[in-house]
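1. Can you look at this prediction? I've put the sequence above it.
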Amino acid sequence: MFTLLLNARIYAPQPLGMQCVLTCAGTIVYIGDQPPALDPALTVETVDMQGLLLLPGLIDGHTHITGGGGESGPSSRVPAPFLGQFTRAGVTSVIGVLGTDDLTRNTQTLVTQAYGLREQGLSAWCFTGGYHLPLTTLTGSARSDIVNLDPVIGIGEVAISDHRSSQPTLEEILRLASEAQVAGLMTGKAGVLHLHLGDGKRGLDLVRRSLEDSELPARVFHPTHVNRNKPLFEESCKLVAEQGCYVDLTAYEMAQDDPGWSAAEAMLRYHAAGLPETHLTMSSDGGGCLPCFNAQGEVERLDVGSSQTLLETLHCVQAEGLSLEQALPACTSNVARLMRLHSKGRIAPGLDADMIAVDDNLQVHHVMARGRWHVRDGRQVVLGSYETESSPG
């Protein structure tokens, strides 16, 4: 079926003004200021967007699609998120990761969950490995996982500067990064080493030394959670400016006593510093456990990440004067470029029909993933397996 969208204010992510969009077979086939001439024999669903903003579907580049947690015993394991926890948040593509628990959850379950989300209409990929070394892999090596397993596009999230990490050495990080780089060259996949940053005093030292001591390109190293404390954020900005790395903000809710910057404040500071807009990404840690530790490394409280924080962050930075055109790429086109998801992250003919319609407050009205409506008029119309309309999310 063809779907024709009328009167949509498109941010592709650049502003295109009021346009019409035609999709067919999961692909955008036309964009123009007038509806295209179509054979009346065709079946066409016509939807008036009534001036809503039409944005690329969000890409959540760091999500725990099998669930996270476990730092406070088996009962603290977070269940796998339902489909609607992504789609109701405007997310149409996800990249799954393993965290602290890379034993009872592993690359095999991550790959299986990615396939499951694909069957339900989402676009899904994952990284191989987890916090610890040696990596948990499915085929015996990270390079082999990336080359032989379709959903696997990189390595991560490997923990550094964190008391939960396996305290990797420079040589180990260089070996992992080279595995990712070579596998990416062999396959055309992202080939990135996605690094979890903790609050440790070493910060990004391993990344900086890796770039100084090797021939590896900066794009291979993708540190996340860089806004978790202020010195780390300043260090990450310096890494972008001097080495050309991409860095990833985590859009989690901040408590008053948190030592870092909210994703909104960090994004504002990043742009104010005049750093390359293309090198900033933002993810939610959706489905992951967000523990708060005391000085002895004991869990004091737990929370769960949610993809809802992506649009909430975009709304916050808009309220502070950053344009949607400047902010939106951090969870659309920038992620697609880094992760080599060539049909994602933009609204243009020939690309996947992943689009979300939101109002001026960035509240979700409609979500289309791969040409199929998942949310209409704010109501989830495609339910995931075992999901009901009252499921959490």
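-> That came through, no problem.
2. Enumerate every residue touching the residue lying closest to Asn227 once chain neighbours are set aside.
-> Once flanking residues are discounted, Asn227 sits nearest to Ala266: 3.9 Å by Cβ to Cβ, 6 or more residues apart in numbering. C-beta here means a position set from N, CA and C on the backbone, and glycine is covered the same way. Ala266 is in contact with 226-227, 233, 249, 260, counting by Cβ atoms under 8 Å, 6 or more residues apart in numbering.
3. how about those, which pair is most distant?
-> Leu249 and Gly260 (9.9 Å; Cβ to Cβ).
4. neighbour-wise, which of these two wins?
-> Leu249 (30 against 21; other Cβ atoms under 10 Å).
5. separation between the more buried one and Gly99?
-> Leu249 sits 17 Å away from Gly99, taking Cβ to Cβ, to the nearest Å as the criterion.
6. Please parse the chain into its domains.
-> 2-55+343-380, 57-338 (automatic domain parsing).
7. and for Leu249 and Gly260, which residues touch both?
-> Joint contacts of Leu249 and Gly260 (Cβ under 8 Å, 6+ apart) are 227, 266.
8. hang on, the earlier thing: so how far is Leu314 from the residue nearest to Asn227?
-> 13 Å.
9. now swap in Ser385 and tell me
-> Distance of Ser385 to Leu314, computed by Cβ to Cβ: 29 Å.
10. And these two? Which one has more around it.
-> Leu314 (26 against 10).
11. Does the more buried one touch Leu362 like I think?
-> Yes. Shown here, Leu314 and Leu362 form a contact pair, counting by Cβ atoms under 8 Å, at 5.8 Å.
12. what's the overlap in contacts for those two?
-> Counting by Cβ under 8 Å, 6+ apart, Leu314 and Leu362 have no contacts in common.
13. buried sites along stretch 205-217?
-> 206-208, 210-211, 216 (16 or more other Cβ atoms under 10 Å).
14. what's the answer for stretch 88-97, then?
-> Under 16+ other Cβ under 10 Å, the buried positions of stretch 88-97 are 88-97.
15. If we only consider those, which is nearest to Ala114?
-> Gly96 (5.7 Å).
16. Please name the residues that touch that closest one.
-> Taking Cβ under 8 Å, 6+ apart, we find Gly96 in contact with 63-66, 110, 113-114, 124-127.
17. In TSV: those residues, plus secondary structure and distance to Pro13.
-> Listed next are the contacts of Gly96 as TSV, based on DSSP: H, G, I helix; E, B strand; the rest coil; distance: Cβ to Cβ, whole Å:
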residue	secondary structure	distance to Pro13
Thr63	strand	21
His64	coil	26
Ile65	coil	25
Thr66	coil	30
Leu110	helix	29
Gln113	helix	28
Ala114	helix	25
Ala124	strand	22
Trp125	strand	21
Cys126	strand	25
Phe127	strand	25
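18. Pick out whichever of these sits closest to Ala25.
-> Using Cβ to Cβ, Ala124 is the member of these that sits closest to Ala25, with 19.6 Å.
19. As JSON lines, the contacts of Gly96 with neighbour count would be great.
-> Formatted as JSON lines, the contacts of Gly96 follow (neighbours: other Cβ atoms under 10 Å):
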{"residue": "Thr63", "neighbour count": "29"}
{"residue": "His64", "neighbour count": "28"}
{"residue": "Ile65", "neighbour count": "29"}
{"residue": "Thr66", "neighbour count": "27"}
{"residue": "Leu110", "neighbour count": "29"}
{"residue": "Gln113", "neighbour count": "22"}
{"residue": "Ala114", "neighbour count": "24"}
{"residue": "Ala124", "neighbour count": "23"}
{"residue": "Trp125", "neighbour count": "25"}
{"residue": "Cys126", "neighbour count": "29"}
{"residue": "Phe127", "neighbour count": "31"}
